[in-house]
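A.B. asks: Quick one, fold the following:
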Amino acid sequence: MIDKTPPAAAVMAAEPARKKRGIAIQREIVVLVAMILFNLLFTEHFWSLQTFNVNLTQVVTIVIVGIGMTLWW
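C.D. replies: Numbers count the residues shown, from 1 in each chain. Reported below is the predicted structural model:
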């Protein structure tokens, strides 16, 4: 019978990689929330329907193109 469980060293090595990925995602969320809060406090019409419309119609297109160009290479 073949034992298919990974060795303990491989399991222990995978744990820090998962922790780093979790910390990176948490850091990105914190930065996003901080940017939104900053703009809510210091930008006059940030929380308006017109700004939301501009973000949906113009910014999203630029982000999609930018991600596509990044994935190309």
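
A.B. asks: pLDDT averaged over the host helix or strand of M35 - what is it?
C.D. replies: Per DSSP states H and E: M35 is located in helix 8-42. Averaging pLDDT along helix 8-42 yields 78.

A.B. asks: Identify the residues contacting the helix or strand just after it?
C.D. replies: Downstream of helix 8-42, the first helix or strand assigned by DSSP H and E is helix 49-54. With contact meaning Cβ atoms under 8 Å, 6 or more residues apart in numbering, helix 49-54 is reached by H45. To be clear about C-beta, it is placed using only N, CA and C from the backbone, and glycine gets the same treatment.

A.B. asks: tell me the mean pLDDT over the helix or strand just after helix 49-54?
C.D. replies: Using DSSP H and E, the next helix or strand after helix 49-54 towards the C-terminus is helix 60-72. Averaged across helix 60-72, the pLDDT comes to 86.

A.B. asks: In PDB, list the C-alpha atoms belonging to helix 60-72.
C.D. replies: C-alpha atoms of helix 60-72 as PDB (Å, rounded to 0.1, in the frame of the first residue of the first chain):
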ATOM      1  CA  VAL A  60     -13.600  50.300 -15.400                       C
ATOM      2  CA  THR A  61     -12.700  50.300 -19.100                       C
ATOM      3  CA  ILE A  62      -9.200  51.500 -18.300                       C
ATOM      4  CA  VAL A  63      -8.700  48.900 -15.600                       C
ATOM      5  CA  ILE A  64      -9.900  46.100 -17.900                       C
ATOM      6  CA  VAL A  65      -7.400  47.200 -20.600                       C
ATOM      7  CA  GLY A  66      -4.600  47.500 -18.000                       C
ATOM      8  CA  ILE A  67      -5.200  44.000 -16.700                       C
ATOM      9  CA  GLY A  68      -5.400  42.600 -20.200                       C
ATOM     10  CA  MET A  69      -2.100  44.200 -21.100                       C
ATOM     11  CA  THR A  70      -0.500  42.900 -17.900                       C
ATOM     12  CA  LEU A  71      -1.700  39.300 -18.600                       C
ATOM     13  CA  TRP A  72      -0.400  39.500 -22.100                       C
END
